[in-house]
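> Okay, predicted coordinates and the sequence, questions at the end:
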Amino acid sequence: MFMPELPRNAPDYAIAVRGLSKRFGRRVAIDDLTLSVRPGEICGLAGANGGGKSTSLRMLAGLVTPDQGEGSVLGCDLLRGARRVRHEVGYLAQRSVLYPTLSVRENLRFRAAVFGLSDPARMADLQIGAFGLADLAAVSVGELSGGWCRQADLAAALIHHPRVLLLDEPTAALDPAARHAIWRRLLLLAAQGTAIVLSTHDLNEAQYCEKILLVSDGRIRASGPPCEVAAQVVDALALIVSGRDALSLPDLLRSQLVLAAYPLGRDLRLVLRRDARVKVETLIASYGCRSTPVRLTLEDAALVVSHRTAGVA
């Protein structure tokens with residue numbers, strides 16, 4: 001059974017929370033979130049949409065009050081000092097919260113004023129320069145491309161130089177160049193000591209994180225470095241299937257046996273329940289194909305957890 005990491009010495013952590021839970025009516029959004037993040041560490045909440053990642057971030061940002069649990073963010077009590085938490089952290093919502101009819105400069109100047117910075121106009125111009133937004137400073141945010149809008153969102157979230165940054169799907173729907181630009185900035189911020197917690201359903205991007213929490217159906221199912229999280233899923237395995245008819249096999253295998261199938265060139269990658277291995281390998285061999293066991297990837301592990309909690313596997 002997965003045992004969550006517990007905060008050991010809270011002053012050493014930018015974030016240290018234990019047992020945070022939140023319900024909306026009868027629905028459990030997140031249950032028993034326990035997490036500790038050091039300055040300069042990047043932690044990812046990974047998993048399918050609707051698993052509880054956004055609610056977790058909003059609790060850490062002081063925007064949603066937990067029903068249960070305790071902890072601190074930058075030394076602020078998360079329950080009794082939520083207002084201060086909101087002022088201290090940088091929070092990037094999944095959808096832009098900038099005013100679409102205002103220009104980039106106007107939005108950044110307004111955000112600086114909200115945080116009580118002494119010279120909002122100067123701080124806005126500094127962010128415009130730092131994020132390469134000079135040519136777009138007078139452009140309305142609603143007219144920006146997705147990538148530039150996300151850069152403007154991040155510039156606004158960072159305008160008060162927070163030591164904790166909470167990001168909800170920061171690169172969703174962006175092209176590769178825009179995603180790489182965001183990640184270069186996040187890695188630089190982490191190197192400078194900013195603690196970062198982000199949510200993502202892109203398991204390839206999760207590899208950038210030093211620590212991953214695999215979240216599904218409101219619970220943390222596995223936790224640790226990306227290379228170790230997949231190893232915690234012990235009831236499934238992956239096979240590479242080779243042979244002339246390999247790509248036709250998904251239509252022949254029952255979903256109860258195989259959780260996922262991906263074409264890899266002319267080969268096929270299968271993720272299956274460990275107790276189905278003999279049946280699957282027998283069927284593969286009967287069609288003249290060969291199978292080779294390989295390690296589960298982080299994406300494989302997420303699929304297994306999703307099937308398990310949905311009652312499919």
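Structure received.

> was I right about Asp32 contacting Arg219?
Yes. Using Cβ atoms under 8 Å, Asp32 makes contact with Arg219 at a distance of 6.9 Å. Every residue, glycine included, has its C-beta placed from N, CA and C.

> Which one of those two is surrounded by more residues?
Arg219 (19 against 15; other Cβ atoms under 10 Å).

> Quick one: residues contacting the residue lying closest to the more buried one once chain neighbours are set aside.
Leaving aside its sequence neighbours, Arg219 sits nearest to Asp31 (Cβ to Cβ, 6 or more residues apart in numbering; 5.5 Å). Shown in contact with Asp31 (Cβ atoms under 8 Å, 6 or more residues apart in numbering): 21, 52, 218-219.

> Please repeat the previous calculation with a cut-off of 6 Å.
Residues near Asp31 by Cβ atoms under 6 Å, 6 or more residues apart in numbering: 21, 218-219.

> and if you look at Ile15?
37, 73.

> Now it. Its backbone dihedrals?
phi -130, psi 130 (degrees, to the nearest 10).

> where along this structure do the strands fall?
15-24, 27-37, 42-46, 68-73, 76-77, 90-92, 164-168, 195-200, 211-216, 219-224, 236-242, 258-264, 267-273, 290-294 (DSSP state E).

> Could you dump the ones you listed into a markdown table with distance to Arg58 added?
A markdown table is the format used below for these (distance: least, Cβ to Cβ, whole Å):
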| stretch | distance to Arg58 |
| --- | --- |
| strand 15-24 | 9 |
| strand 27-37 | 9 |
| strand 42-46 | 12 |
| strand 68-73 | 12 |
| strand 76-77 | 16 |
| strand 90-92 | 8 |
| strand 164-168 | 8 |
| strand 195-200 | 10 |
| strand 211-216 | 14 |
| strand 219-224 | 16 |
| strand 236-242 | 31 |
| strand 258-264 | 30 |
| strand 267-273 | 32 |
| strand 290-294 | 38 |
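
> can you put the ones you listed in TSV and add mean pLDDT and distance to Leu57?
Formatted as TSV, the strands of the chain follow (pLDDT from 0 to 100; distance: least, Cβ to Cβ, whole Å):
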stretch	mean pLDDT	distance to Leu57
strand 15-24	95	11
strand 27-37	94	10
strand 42-46	94	7
strand 68-73	95	11
strand 76-77	94	16
strand 90-92	97	7
strand 164-168	97	5
strand 195-200	95	6
strand 211-216	91	11
strand 219-224	90	14
strand 236-242	94	28
strand 258-264	87	27
strand 267-273	91	28
strand 290-294	94	33
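
> which stretch among these comes nearest Ala138?
strand 90-92 (23.1 Å; Cβ to Cβ).

> Quick check: bridge partners of Ala236?
On the basis of DSSP bridges, Ala236 is bridged to Arg273.

> dump the residue contacts of it.
Going by Cβ under 6 Å, 6+ apart, Ala236 touches 273-274, 304.

> go on, Leu296?
230, 238.

> Asn206: how many residues sit nearby?
Let me fix one detail, which is that residue 206 is Ala and not Asn. Here the count is done by other Cβ under 10 Å, and Ala206 has 24 residues near it.

> so it makes contact with Ile212?
Yes. In this structure, Ala206 is within contact of Ile212 by Cβ atoms under 6 Å, at 5.5 Å.

> any shared contact partners between those two?
By Cβ under 6 Å, 6+ apart, the residues touching both Ala206 and Ile212 are 44, 46.

> count of neighbours near the residue nearest to Gln127 when sequence neighbours are not counted?
Nearest residue to Gln127, sequence neighbours excluded (Cβ to Cβ, 6+ apart): Ala155, at 4.3 Å. When neighbours are counted by other Cβ under 10 Å, Ala155 registers 23.

> the helices in this structure, which residues?
53-60, 82-88, 104-114, 120-130, 146-157, 176-191, 226-229, 277-286, 298-310 (DSSP state H).

> Now do the buried residues in stretch 31-38.
Using 16 or more other Cβ atoms under 10 Å as the test for burial, stretch 31-38 gives 31, 33-37.
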